[in-house]
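Visitor: Any chance you can model this:
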Amino acid sequence: MLLREIERHGRIPRIDLSEVTGISRATVTTITADLLRDGLIQEIPREADADMRRGRPRVDLKIDGSAHMVAGIKVSDTSISLMLLDFEGTQLAELEVPMDKGAKPSAVLAERIKEATTSLVVLIGKSLADLSGIGVGLAGVVDAQNGTVYWSPSLQDSNINFRDILSETLGVPAYLDNDANLVAMAEKTFGLGREHSDFIVVTIESGVGMGIVLNNQIYRGTRGCGAEFGHTKVQLEGAMCRCGQRGCLEAYVADYALVREAASVGLIDADVPAEHRIEVLLAAAKNGTPMAKKIVQRAGRMFALGLANLVNIFDPELIILSGEQMQFDHLFAQEVIEAMRTSIVQIDKAPPDVVIHKWGNLMWARGAAAYALDFVHEMAAKDPNHDAV
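Guide: Got it, this is the predicted structure:
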């Protein structure tokens, strides 16, 4: 508990630590002495104050960043993004590694992650053995509590404990979660969610994801795999989604869905590189091509409908739209947000703010690192010599 409070405050004297936790000063002194002995915290002298002039120097306590090191990883469609943090949460290194597109066997993806993580730690002259934990974010249906991936567009396997596969492959404790949850973790720890106890992050990349923070906690559902916004149904017997079901929101909003429909009506030539096809479609819509406009406008209407449903169910303080597709504005154009606002329950209070946060994959990786850091803090508080295994 004290380690968490020191982390939360950054720097704090013992007397204030006693007041904010309700723990007696004597007990705080005893516990922090143990934390100092174990190298988990440091004493930082304060600048001169009245107490020092009277001969009683005061010190602040802070986390010792050198005590542990964690990595955060975001697995995308065509790349692996990595971030390295020390025990205090300070960034040490970052890296993006290209990866061939398409789902892979779990053993192959684990090896790709190991290779990328090895390249990351080498940047500061370290090895995998120097890590205390690795946080990994994957798109798909992930049960964070037991490490199971029920389905992911990155994996050919389903219903597997990918967390254990990663831990064994890397030789380092791995902590797995849905990547949208880790964006919510990043927003809560470093970003726009710091001042909000209840907010929702909607991510739009090759698919559509969501992270929910309620009462300052990430909500995952009873089975650990809730908040699958992209797979809520918006059309009975509708378009095929990559999850294997029909009528999912993602099947009308995600870039692959828009490109698929555009290609079916001849709007995109086969020789256009796959990574540029969504740009070609959106450019055609902006230039007034009727069928392109129809496809893009329907995506906006479907997205507005989905957002309205979120507001009506959760009534959050804030909705943050994040992800790779935030470089385009077709899903957060003013008419889309207005359509959402007209579809929610109308009361004599303002609707939630909707903000755009154009974070790149490295910030997603930072959220994954923060996720791992939480576990390492917890393990270190219990057993400072335990490397979070």
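Visitor: Pull the distance from stretch 129-149 to the chain's centre.
Guide: Distance, stretch centre to chain centre, for stretch 129-149: 11 Å (Cα atoms, centre = their mean, to the nearest Å).
Visitor: Pull that stretch out as PDB, backbone CA atoms only.
Guide: Taking Å, rounded to 0.1, in the frame of the first residue of the first chain, the C-alpha atoms of stretch 129-149 are listed here in PDB:
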ATOM      1  CA  ALA A 129      17.000 -11.500 -18.100                       C
ATOM      2  CA  ASP A 130      17.200  -7.800 -16.900                       C
ATOM      3  CA  LEU A 131      13.400  -7.500 -17.300                       C
ATOM      4  CA  SER A 132      11.000  -8.000 -14.400                       C
ATOM      5  CA  GLY A 133       7.900  -8.200 -16.600                       C
ATOM      6  CA  ILE A 134       6.500  -7.700 -20.100                       C
ATOM      7  CA  GLY A 135       3.000  -6.300 -20.800                       C
ATOM      8  CA  VAL A 136       1.500  -7.400 -24.200                       C
ATOM      9  CA  GLY A 137      -1.600  -5.900 -25.900                       C
ATOM     10  CA  LEU A 138      -3.400  -7.900 -28.600                       C
ATOM     11  CA  ALA A 139      -6.500  -7.100 -30.600                       C
ATOM     12  CA  GLY A 140      -9.300  -9.700 -30.100                       C
ATOM     13  CA  VAL A 141     -11.100 -11.400 -27.300                       C
ATOM     14  CA  VAL A 142      -8.600 -11.700 -24.400                       C
ATOM     15  CA  ASP A 143      -9.200 -12.900 -20.800                       C
ATOM     16  CA  ALA A 144      -6.500 -10.900 -19.000                       C
ATOM     17  CA  GLN A 145      -7.000 -12.800 -15.700                       C
ATOM     18  CA  ASN A 146      -6.100 -16.200 -17.000                       C
ATOM     19  CA  GLY A 147      -4.100 -15.200 -20.000                       C
ATOM     20  CA  THR A 148      -6.300 -16.800 -22.500                       C
ATOM     21  CA  VAL A 149      -6.800 -15.500 -26.100                       C
END
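Visitor: buried sites along that stretch?
Guide: The neighbour-count check on stretch 129-149 (16 or more other Cβ atoms under 10 Å) flags 131-144, 147-149 as buried. Every residue, glycine included, has its C-beta placed from N, CA and C.
Visitor: And stretch 213-224, by the same measure?
Guide: If you call a residue buried by 16+ other Cβ under 10 Å, then stretch 213-224 has these buried ones: Val213, Ile218, Tyr219, Arg220, Gly224.
Visitor: Could you do stretch 334-350 as well?
Guide: Going by neighbour count (16+ other Cβ under 10 Å), the buried part of stretch 334-350 is Val336, Ile337, Ala339, Met340, Arg341, Ser343, Ile344.
Visitor: what separates it from the chain centre, distance-wise?
Guide: Going by Cα atoms, centre = their mean, the spacing between the C-alpha centre of stretch 334-350 and its chain's C-alpha centre is 27 Å.
Visitor: for it, how far is the first residue from the last?
Guide: Distance between the boundary residues of stretch 334-350 (Cα to Cα, to the nearest Å) amounts to 17 Å.
Visitor: and what of stretch 212-229?
Guide: Distance across stretch 212-229, first residue to last, is 10 Å (Cα to Cα).
Visitor: average pLDDT for it?
Guide: When the per-residue pLDDT values of stretch 212-229 are averaged, the result is 84.
Visitor: And for stretch 270-282?
Guide: Model confidence over stretch 270-282, given as mean pLDDT, is 84.
Visitor: what's the span of that stretch from first residue to last?
Guide: By Cα to Cα, the extent of stretch 270-282 from end to end equals 16 Å.
Visitor: contacts for that stretch?
Guide: 78, 101, 255, 258-259, 262-263, 267-268, 292, 295-296, 325, 328, 330 (Cβ atoms under 8 Å, 6 or more residues apart in numbering).
Visitor: Could I have the buried ones of those as ChimeraX selection syntax?
Guide: Typed into ChimeraX, the line below selects the buried ones among the contacts of stretch 270-282, using 16+ other Cβ under 10 Å:
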select :255,258,259,262,267,268,292,295,296,325,328,330
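Visitor: coming back round to it: can I get the buried residues of stretch 213-224 in JSON lines with distance to Lys349 and secondary structure?
Guide: Conversion of those to JSON lines gives the following (distance: Cβ to Cβ, whole Å; DSSP: H, G, I helix; E, B strand; the rest coil):
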{"residue": "Val213", "distance to Lys349": "20", "secondary structure": "strand"}
{"residue": "Ile218", "distance to Lys349": "26", "secondary structure": "strand"}
{"residue": "Tyr219", "distance to Lys349": "23", "secondary structure": "strand"}
{"residue": "Arg220", "distance to Lys349": "28", "secondary structure": "coil"}
{"residue": "Gly224", "distance to Lys349": "33", "secondary structure": "coil"}
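Visitor: and which of these is nearest to Pro105?
Guide: Here the nearest of the buried residues of stretch 213-224 to Pro105, counting by Cβ to Cβ, is Gly224; it sits at 23.4 Å.
Visitor: Dihedrals phi and psi, that closest one?
Guide: Main-chain torsions, Gly224, degrees, to the nearest 10: phi 80, psi 10.
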